[in-house]
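**Student:** Build me a structure from this.
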Amino acid sequence: MTRDAYHHGDLRQALIAAALAVVEEGGAEALSLRELAASLEVSRAAPYRHFPDRDALLAAVAARGFEDLNVGYEAALASPGDGRERLRAASFVYVDFAAARPGLFKLMFESDLLAREHPPAVLIPPADRSYHLLWRAVEGAEPEADEKTVKARTITMWSTLYGFLALDRARRFKPFMTTPLTRAEIVEAVIAAAICQIPVPAR
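**Tutor:** Okay, here's the model as predicted:
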């Protein structure tokens, strides 16, 4: 398209797609609205017709990330096997997403977007759905558990997976700690622990 030739709505989606690529490659700190406008061959003012500031665009990018993650969760919940096998599949979706899209994962789970008193409205539905899909996966693996137990197990499982990912990203696992394990074997062990070693809360 020529300069500013995007139809209404097309530019918004183009900005989100381009920003998503930047975030995935270099993280949220690499995103510049000015550089994004130049890459799309639109005026510097054009992005502001759709996003009031950089923060709003980042929220839309994070929302897209949760939507993509949710597609993976939904596929896991629809996969063959029993509830525990589907929970295992959902756990792999989370770990694989973090490995494949680290910049986006960091924006989704480590930025302050969802920690604010008033999180960006665009982000709330897909982020909430992400948690509820994970909750459903735990519930499916433990159909006899009550709500309190399912919530405790969901939080414990999620914390186990996220804790592993945070340590791995920080390169805290040194060769002497992991040899002769392969990364695949480590991930298998972490997911097995997250799924199987979940305490039942006191009643």
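
**Student:** Just the helices from the chain, written as ranges.
**Tutor:** With DSSP state H as the definition, the chain shows helices at residue ranges 10-26, 33-39, 54-77, 83-100, 102-110, 124-141, 147-169, 175-178, 183-196.

**Student:** The last one: how far from the chain's middle?
**Tutor:** When you say that, I think you mean helix 183-196. When distances are taken as C-alpha atoms, centre = their mean, to the nearest Å, helix 183-196 is centred 19 Å away from the chain's centroid.

**Student:** pLDDT (mean, whole number) over it?
**Tutor:** Averaging pLDDT along helix 183-196 yields 94.

**Student:** Just list what it packs against, helices and strands only.
**Tutor:** Applying 3 or more C-beta pairs under 8 Å, 6 or more residues apart in numbering; DSSP states H and E, one finds that helix 183-196 contacts helix 83-100, helix 147-169. Just so you know, the C-beta spots here come from the backbone N, C-alpha and C atoms, and that holds for glycine as well.

**Student:** and it with helix 124-141, angle?
**Tutor:** For helix 183-196 against helix 124-141, the angle by axes from the mean of the first three to the mean of the last three C-alpha atoms, to 10 degrees is 80 degrees.

**Student:** Using PDB, write out every CA atom in helix 183-196.
**Tutor:** Provided in PDB are the C-alpha atoms of helix 183-196 (Å, rounded to 0.1, in the frame of the first residue of the first chain):
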ATOM      1  CA  ARG A 183      16.000 -30.200  27.800                       C
ATOM      2  CA  ALA A 184      13.000 -32.400  26.700                       C
ATOM      3  CA  GLU A 185      13.600 -34.700  29.700                       C
ATOM      4  CA  ILE A 186      13.700 -31.700  32.000                       C
ATOM      5  CA  VAL A 187      10.500 -30.200  30.600                       C
ATOM      6  CA  GLU A 188       8.800 -33.600  30.900                       C
ATOM      7  CA  ALA A 189       9.900 -33.900  34.500                       C
ATOM      8  CA  VAL A 190       8.600 -30.300  35.300                       C
ATOM      9  CA  ILE A 191       5.300 -30.900  33.700                       C
ATOM     10  CA  ALA A 192       4.900 -34.300  35.500                       C
ATOM     11  CA  ALA A 193       5.600 -32.600  38.800                       C
ATOM     12  CA  ALA A 194       3.200 -29.800  38.100                       C
ATOM     13  CA  ILE A 195       0.400 -32.200  37.200                       C
ATOM     14  CA  CYS A 196       1.000 -35.000  39.700                       C
END
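
**Student:** burial count for Arg171?
**Tutor:** 7 (other C-beta atoms under 10 Å).

**Student:** same deal with the one 5 residues further on?
**Tutor:** Burial of Phe176, expressed as a neighbour count using other C-beta under 10 Å, amounts to 6.

**Student:** and if you look at Asp10?
**Tutor:** With other C-beta under 10 Å as criterion, Asp10 counts 11.
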